[in-house]
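Student: 3D model of this:
(one chain, ligands or ions: 1)
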Amino acid sequence: TTVSVSASASHAIPTTLYGQMFEDISSGDGGLYAECNNFLFFSALLFTVRKLVLQNRAFQQVTPNTADALNAWTSIGSSASITVIADPSPLSSALPNSLLLSIPPDASGELGFANGGYWGIKVAANTDYTASLYYRLPSALPNGAGSPILTLALQAEDGTRLAAHSTPLLVNATEGWTHISAVLTPIETPPSTANSFTVTVAGFAPAGLEVHFALLSLFPPTFKGRVNGMRADIAETLAEMRPAFWRFPGGNNLEASGQTTATRWQWRNTVGPLTERPGRVGDWTYVNTDGLGLLEYLLWCEDMEMEPFMAVWDGYSLDGTSITGAALEPLIAEAIDQINFVIGDPATSEAAALRASLGRSEPFALTYVEIGNEDNVGRAPGTYASRWNSIVTNLTATFPQLHFMATSLTTTPVLTPTPQIYDIHLYQTPKFFSTDSFFYDSFVRNGMTFFEGEYAATSTNNSNLFGTPDQGRLLWPTVAGSVGEAAFMTGLERNADIVFAASYAPLLGHVNGSQWTPNLVGFDAGNVYKSTSFYVQKLFSLNKGDEYLPSTLPNSSTSGTLFWSVTRWNSTGELIIKISNSAASPAEMTFVLPFETVTTMGTAQVITGAGTASNTPEEPNLVTPTTAQIPTGATFNYTAPAISVTVITLSVQ
Ligand SMILES: [NH3+][C@H]1C[C@H](O)[C@@H](O)[C@@H]1CO
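Tutor: Next up, the predicted model:
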């Protein structure tokens, strides 16, 4: 195949082209959000039947006085008993439940309870873990009872205490809640992640003891040291691909999961002190703590130098019901407040003043707001057109500088005002992606632009893209799937005059249990797993170029197996040639470049392997990119390996 390249760019490659889509789908609580204790409750849910309402660090949205409500906590000491209760004088109205530790008279020893982390807690020597909790004593201890000692500790599987902090219980803390926080710094690294966070009391009077506990938290070091921040190893992996944007909070998890609007994601419940965040029954079978909330998302975008692509709820519930007309008005007001929390002026907007009160008076950068998620005709009762009209008319009037993204099908229903942007999602087979990089070539150029907000090869079975593994569903991205996605992405670059952003979905998933596979990045308590598709996303994102150079078109028929795109960094003239070869045999290519002086040595970064090969926890680095110097020139040959992605970079004067 000979590829002749034009010297003059046809269009820019937008800086926003490659980014990340996020929603809490075994990815926030128990993942990117660094709180350890959540992991445990989350795992309890995943291990047990879906019926459970997920427990988390603050017993949010659970049924008190049930075994389920304790699911992830285990008592320490046979005479200690623990129960989750609806506290008669709760820590806050947002957190009405607490854990009651009861120790009977004449008990002795260290008694309490433990939390085993989400399939474990990673503990490393010389690392600071911030443990905190609230406690209160329902009744004063008898005089002369002395002060029982409360100990927060990290404990290894064999019972070794890795780090501990002890403090006397304030025996007169009978009415109010006492907050304690301690930094636990182990001096040794335990042999596994099967560690526990323990809370124990000792030295209590013969009369026994009752203590209420609430909002028990254990944080490891976070990305950039942010308080209530992100798990550093996962964050650093995501940062590797230098994403240009972050779509949040969903995805399905934005939506209302029941008949009522009460189950939608509500931004106000996700900001402010953790004691004021009630949590929410999310759309992926577990309760979200909402410890990862709107402000945390916005600060994360700044820490990662990403643009927020923020969604507002649009009145659609995942059960297919939706609200329109006057009933939407309060939700439109809520969306206006949500946007004002991000960009408003504290002097004129209460929501912006709330942001300022939380320490951020300056507005955040925001350009794009998505109206709902996947609210296409197939899922909504055809009310998207009226909801879009009500919402966007109001938001445009209030925020004329923002660009709103529609989530319905581009062909129907007709929307007014006419959307400037549609968010298109595409889940398909590796073969589809390998042969359909021309998806956008036929789109009319009428000013409409597109956000490919979710795409992934999900299954080898094109008649069941979301089935089970034995029906073809991919558990992990495969080389064939990643090669297909790369072919598709060469098409995104060829059509970057109308496609301004794209993100693989879902971004993150826990390898011990999640609601969706495949995911771009997997993780467990101690590790992060980079998939073959992650490497493709990273290679393309780091080697974007900023202008597209037209070249000989690939074979766009369904027999096509070889796809490429040529871009350039305008400032340096450096060329980037991305190639996807999905054929089982190598592809001989000749590149004819219209430049006088082309370097005779270029760099080729290659991802290749068996089509069914995946990076898994068992073989996390089975397929990783290799880098080689290759002979180049004004005309040069390159052999694209079978089932491979190549990114060639070469300097041109
Ligand atoms: N159903 C998929 C599409 C939806 O937007 C996401 O929540 C899901 C996983 O990426």
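Student: in the chain, which spans are helices?
Tutor: 36-47, 232-240, 294-303, 329-343, 350-357, 384-398, 430-435, 479-494, 532-542 (DSSP state H).
Student: tell me which of the ones you listed sits most buried.
Tutor: Per-stretch averages of neighbours, counted by mean count of other CB atoms under 10 Å, single out helix 479-494 among the helices of the chain, with a mean of 28. C-betas here are computed from N, CA, C, even on glycine.
Student: give me the below-cutoff pLDDT ranges for this protein.
Tutor: Within the chain, the segments meeting pLDDT under 70 span 38-56, 143-145, 172-175, 258-260, 377-381.
Student: how about the residues of it near the ligand?
Tutor: Contact residues, the chain versus the ligand (CB under 6 Å from any ligand atom): E23, G250, G251, N252, N373, E374, H425, E454, A505, P506, W516.
Student: list the contacts of the closest residue to F399 other than its chain neighbours.
Tutor: Leaving aside its chain neighbours, F399 sits nearest to I339 (5.9 Å; criterion: CB to CB, 6 or more residues apart in numbering). Neighbour list for I339: M310, V312, L366, V369, L395, T398, F399, L402 [criterion: CB atoms under 8 Å, 6 or more residues apart in numbering].
Student: now the two most distant members of those residues.
Tutor: Farthest-apart pair in the contacts of I339 is M310 and T398; separation 14.7 Å (CB to CB).
Student: so which residues of the stretch 401-550 of the chain form strands?
Tutor: Using DSSP state E, counting those that start in this stretch, the strands assigned to the stretch 401-550 of the chain run over residues 403-406, 421-428, 449-457, 499-504, 508-510, 521-523, 528-530, 547-548.
Student: out of those strands, deepest packed?
Tutor: Most buried of the strands of the stretch 401-550 of the chain, by mean neighbour count (mean count of other CB under 10 Å): strand 521-523, with a mean of 28.
Student: quick check: PyMOL command selecting the buried ones in the contacts of I339.
Tutor: To isolate the buried subset of these in PyMOL, counting by 16 or more other CB atoms under 10 Å, use the following:
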select buried, resi 310+312+366+369+395+399+402
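Student: turn the contacts of I339 into CSV, columns for distance to Y135.
Tutor: Formatted as CSV, these follow (distance: CB to CB, whole Å):
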residue, distance to Y135
M310, 37
V312, 39
L366, 40
V369, 42
L395, 45
T398, 45
F399, 45
L402, 45
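Student: number of nearby residues for P206?
Tutor: By other CB atoms under 10 Å, 10 other residues sit near P206.
Student: ok, it touching D106?
Tutor: Yes. With contact defined as CB atoms under 8 Å, P206 counts as touching D106 (5.5 Å).
Student: any idea how far stretch 89-96 is from the chain center?
Tutor: Offset of stretch 89-96 from its chain centre (CA atoms, centre = their mean, to the nearest Å): 29 Å.
Student: please read the previous query as pertaining to stretch 559-575.
Tutor: Taking mean C-alpha positions (CA atoms, centre = their mean), stretch 559-575 and its chain are 30 Å apart.
Student: how about it: buried residues?
Tutor: G560, T561, L562, F563, W564, S565, V566, T567, R568, W569, E574, L575.
Student: what's near enough to touch the third one?
Tutor: Residues touching L562, when contacts are defined by CB under 8 Å, 6+ apart, comprise T1, P554, N555, I579, S580, N581, S582, A583, A587, M589, A640.
Student: now it, nearest residue through space, not along the chain?
Tutor: Per CB to CB, 6+ apart, closest to L562 is A587, 4.9 Å.
Student: just list whatever residues bridge to the one you found.
Tutor: Under the criterion DSSP bridges, A587 forms beta bridges with A640.
Student: tell me the contacts of it?
Tutor: With CB under 8 Å, 6+ apart, A587 has these contacts: T1, T561, L562, N581, T639, A640.
Student: what's the farthest-apart pair in those residues?
Tutor: Top of the distance list for those (CB to CB): T561 and T639, 14.2 Å.
Student: is T639 in contact with E588, as I believe?
Tutor: Yes. In this structure T639 lies within contact range of E588 using CB under 8 Å: 5.5 Å.
Student: next one: the residue of the stretch 1-150 of the chain at minimum distance from the ligand from L254, what distance?
Tutor: Of all residues in the stretch 1-150 of the chain, the one sitting closest to the ligand is E23 (5.3 Å; CB to the nearest ligand atom). Distance from E23 to L254, counting by CB to CB, to the nearest Å: 7 Å.
Student: now W267
Tutor: Counting by CB to CB - W267 and L254 are separated by 10 Å.
Student: and Q338, by the same measure?
Tutor: Using CB to CB, Q338 is found at 11 Å from L254.
Student: now swap in T270 and tell me
Tutor: Taking CB to CB, one finds T270 at 12 Å from L254.
Student: neighbour count winner among these two?
Tutor: L254 (26 against 23).
Student: pretty sure that one contacts Q266?
Tutor: No. Counting by CB under 8 Å, L254 sits too far from Q266 to count as a contact (10.3 Å).
Student: among the contacts of L562, name the buried ones.
Tutor: With neighbours counted by 16+ other CB under 10 Å, the contacts of L562 contain buried members at P554, I579, S580, N581, S582, A583, A587, M589, A640.
Student: which member of those is positioned nearest the ligand?
Tutor: Of all the buried ones among the contacts of L562, the ligand sits closest to S580, with 22.6 Å by CB to the nearest ligand atom.
Student: and that closest one, what does it touch?
Tutor: Applying CB under 8 Å, 6+ apart, we find S580 in contact with 434, 437, 483-484, 486-487, 489-490, 562-564, 644-645.
Student: and for M448?
Tutor: With contact set as CB under 8 Å, 6+ apart, M448 has these partners: T410, P419, Q420, I421, Y422, I498.
Student: in contact with the third one, which residues?
Tutor: Meaning Q420. H403, F404, G447, M448, T449.
Student: for it, what are phi and psi?
Tutor: phi -80, psi -20 (degrees, to the nearest 10).
Student: what is the burial count for the closest residue to L292 other than its chain neighbours?
Tutor: The shortest distance from L292 to any non-neighbouring residue, by CB to CB, 6+ apart, is to Y33 (3.9 Å). When counting by other CB under 10 Å, one arrives at 26 neighbours for Y33.
Student: any idea what Y33 is bridged to?
Tutor: Beta-bridge partners, per DSSP bridges, of Y33: M230.
Student: how close does it get to N288?
Tutor: From Y33 to N288 the distance is 9 Å (CB to CB).
Student: and for P308?
Tutor: The separation that P308 has from N288, given CB to CB, amounts to 19 Å.
Student: which one's more surrounded, the two?
Tutor: N288 (30 against 22).
Student: excluding its backbone neighbours, what's nearest that one?
Tutor: Counting by CB to CB, 6+ apart, N288 lies nearest to G282, which is 4.2 Å off, once chain neighbours are set aside.
Student: show me what contacts the one you found?
Tutor: The contact partners of G282, taken as CB under 8 Å, 6+ apart, are D24, N253, S257, N288.
Student: let me have those residues in a markdown table, extended by distance to P346.
Tutor: Formatted as a markdown table, the contacts of G282 follow (distance: CB to CB, whole Å):
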| residue | distance to P346 |
| --- | --- |
| D24 | 28 |
| N253 | 29 |
| S257 | 33 |
| N288 | 28 |
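Student: of those residues, just say which sits nearest to A235.
Tutor: Lowest distance from A235 to the contacts of G282 (CB to CB) belongs to D24, with 15.4 Å.
Student: and for the closest one, the neighbour number?
Tutor: Counted with other CB under 10 Å, the neighbours of D24 add up to 29.
Student: look up phi and psi at it.
Tutor: phi -80, psi 100.
Student: can you name the residues that contact it?
Tutor: Contacts of D24 (CB under 8 Å, 6+ apart): P249, G250, N253, G282, W284, N288, L292.
Student: contact partners for the residue in the stretch 551-653 of the chain positioned nearest to the ligand?
Tutor: Residue of the stretch 551-653 of the chain nearest the ligand, by CB to the nearest ligand atom: S614 (18.5 Å). S614 makes contacts with L474, L475, W476, P477, T478, V479, S531, T532, L622, V623, as judged by CB under 8 Å, 6+ apart.
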